[in-house]
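Q: how would this look folded up:
(one chain, ligands or ions: 2)
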Amino acid sequence: MTTPTIELKPSSTPVSAAEREAVLASPGFGRHFTDHMVTIRWTEGRGWHDGQLVPYGPLSLDPATTVLHYAQEIFEGLKAYRQPDGSVALFRPEANARRFQDSARRMAMPELPVETFIEACDALVRQDIDWVPAHGGEESLYLRPFMIATEVGLGVKPANEYLFVIIASPAGAYFPGGVKPVSIWLSEDRVRAVPGGVGDAKTGGNYAASLLAQAEAAEKGCDQVAYLDAVEHKWVEELGGMNLYFVYGDKIVTPELTGSLLAGITRDSLLTVARDLGYTSEERRVSIDQWQADSENGTLTEVFACGTAAVITPVGTVKSARGEWVQSGGSPGEVTMKLRDALLDLQRGVSADPHGWMHRL
Ligand code: PLP
Ligand code: COI
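A: Ligands and ions are numbered 1, 2, ... in the order given. Below you'll find the predicted structure:
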C-alpha cells in the first residue's frame, strides 16, 4: 500500500487571533473547529492518494453517497497536549491508528497505514498549533479522524471509494461541572452491542443506536447509560462513549474485552498507570448483581468512567429498575482522583513518560 504525502493547499483566512483566544478561554467540547483539515482519498485499484491539508469547510456529497444510506463509517478520538516547554505532544496516536485499522477491517473498509494516520495528525496539529490550549489547565486539542464510504449508488456492498478526514477541536471538560460525579442509568433492556456485532468497532451506528437509551436516561434524571451484555442482560459492559472501572480498595477492575465493548485506549493505559502507582488491576466480568451488592456492603469503594473525551469521570448515583444506590458517598473517590491526576500529569508533560506514550511533534 502506498503512503501518500500530505500536500498543503493555500489557506483560507484563518479566524483572527482575538476570536481564537476567545474560544480557547472556554472551549467546551466539540463546538469549535480549527482552521484546517486533512483529507486523503482511497479508490479501488489505486489505493490511498491525494493527501491534502486544506481549509476547514463543508464536504460536498451526492445524495446517493453510500455512507448516507448504509453508514459505512468509522472514527477515532485522540488529544494533543501543550507541554511545559510550549511544544505539543499527542497521546498514543499509534494506538488510535491501530484501532482505526481494526474498525476498518470490521466495517469492510480499507486500512490506512499507521504512519499515514500519524503523519496526518502531525500535519494538522503543526498547521493549527495556535489552537492547542495553553499548558497548565485540563484543556487540549481533540482530533477527530474519520472515514466515510463515498461511492455513489444504492447497492449494499463495500464501497469502491472512501474519504479519510481529520478535523480538530479545542476541548475543555466533556461534562460541564468538571470532575463532579455523573449519574448512571443502568439499562436492563436496551443493549448497545451484540456478540458477533460491531460493538468493538468505533463506528457511527453504535452511537446512533445509543441515543434513545441516552434520552431515556435523561428522562430518569441521569447523565449517562451503562449497558449490559445482550445475551444474559447481566454482565456490565460500558457506557455509550466510555469504559468503566470498579475500585475495590487498592485493586481496580474493568470489564474484560468480550468483543461487544470498545477497547478504550484510556482503559488500557490505566491498567498500566494503576500498576505504576502500586495498585493491582484486573480485567474480568462484573455482574450487575455484584455491582449492587458490593456497593451496598462497602467492598466496592469507587466506580469511574474513562475515555479520551471524558478523561476520568467519577460515577456518583446509579439508578436502575431494581433500585438506586450511591457510590463513594457521591463525591470523587481517592483512587479515582489519583489515577486521574497521574494520567493527566503524564499527558501534560508534568511527570515522566516511562512507557513512551507521548508523541512529540
Ligand atoms: N467506549 C466507547 C463506546 C467509546 O466511544 C469510547 C471513546 O472513545 C471509549 C469507550 C473510550 O475509549 P478511549 O479511551 O480510546 O477514548
Ligand atoms: C472519545 O472519547 O474520543 C469518544 O469518541 C467518545 C465520544 C462519545 C465523544
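Q: for the residue in the stretch 1-150 of the chain that ligand 2 sits nearest to, which non-adjacent residue is closest in space?
A: Going by CB to the nearest ligand atom, ligand 2 is nearest to residue 77 of the stretch 1-150 of the chain, at 2.2 Å. Any C-beta I mention is one placed from the backbone N, CA and C, and that applies to glycine too. Excluding its sequence neighbours, the residue lying closest to residue 77 (CB to CB, 6 or more residues apart in numbering) is residue 308, at 4.6 Å.
Q: before we move on, the earlier item: the residue of the stretch 1-150 of the chain closest to ligand 2: neighbour count?
A: Residue 77 is flanked by 19 other residues according to other CB atoms under 10 Å.
Q: what do you get for residue 289?
A: Neighbour count for residue 289, taken as other CB under 10 Å: 10.
Q: how is this structure divided into domains?
A: Domain assignment for the chain by the TED database gives 7-171, 182-348.
Q: hmm, the last one in reach of ligand 2?
A: Yes: part of domain 182-348 sits near ligand 2 under the criterion CB under 6 Å from any ligand atom, namely 241, 307-309.
Q: of those residues, keep whichever come out buried.
A: The neighbour count (16 or more other CB atoms under 10 Å) marks 241, 307-309 as buried among those.
Q: what's the closest of these to residue 96?
A: Checking these against residue 96 by CB to CB gives residue 308 as the nearest, at 8.5 Å.
Q: check which residues of stretch 165-179 are buried.
A: By 16+ other CB under 10 Å, the buried positions in stretch 165-179 come out as 165-175, 179.
Q: which of the residues you listed sits closest to ligand 1?
A: Of all the buried residues of stretch 165-179, residue 174 has the smallest distance to ligand 1: 10.0 Å, by CB to the nearest ligand atom.
Q: wasn't that closest one part of a helix?
A: No: Residue 174 is assigned coil when assessed by DSSP: H, G, I helix; E, B strand; the rest coil, not a helix.
Q: distance of it relative to residue 289?
A: Noted for residue 174: a distance of 30 Å to residue 289, by CB to CB, to the nearest Å.
Q: show me what contacts residue 49?
A: Residue 49 sits next to 2, 4, 40-43 when contact means CB atoms under 8 Å, 6 or more residues apart in numbering.
Q: and residue 198, by the same measure?
A: 106-107, 205-206.
Q: and it, that's in a helix?
A: No: using three-state DSSP, the assignment for residue 198 is coil, not a helix.
Q: and it, how far from ligand 1?
A: Residue 198 sits 11 Å away from ligand 1 when distances are taken as CB to the nearest ligand atom, to the nearest Å.
Q: cool, and residue 327?
A: Relative to ligand 1, residue 327 is positioned 19 Å away (CB to the nearest ligand atom).
Q: which stretches of the stretch 151-300 of the chain have low pLDDT?
A: 175-178 (pLDDT under 70).
Q: ranges for the helices of this structure?
A: Taking DSSP state H as the criterion, the chain contains helices spanning 17-25, 67-70, 93-106, 114-127, 204-208, 211-219, 265-276, 288-296, 334-347.
Q: re earlier: out of the buried ones among the residues of domain 182-348 next to ligand 2, which is nearest to residue 111?
A: Among these, and counting by CB to CB, the member closest to residue 111 is residue 308, at 21.1 Å.
Q: contact partners for that closest one?
A: By CB under 8 Å, 6+ apart, the residues touching residue 308 are 77-79, 91, 142, 264-266.
Q: could you redo the last one with a cut-off of 7 Å?
A: Shown in contact with residue 308 (CB atoms under 7 Å, 6 or more residues apart in numbering): 77-79, 265-266.
Q: from residue 242, how far off is it?
A: 9 Å.
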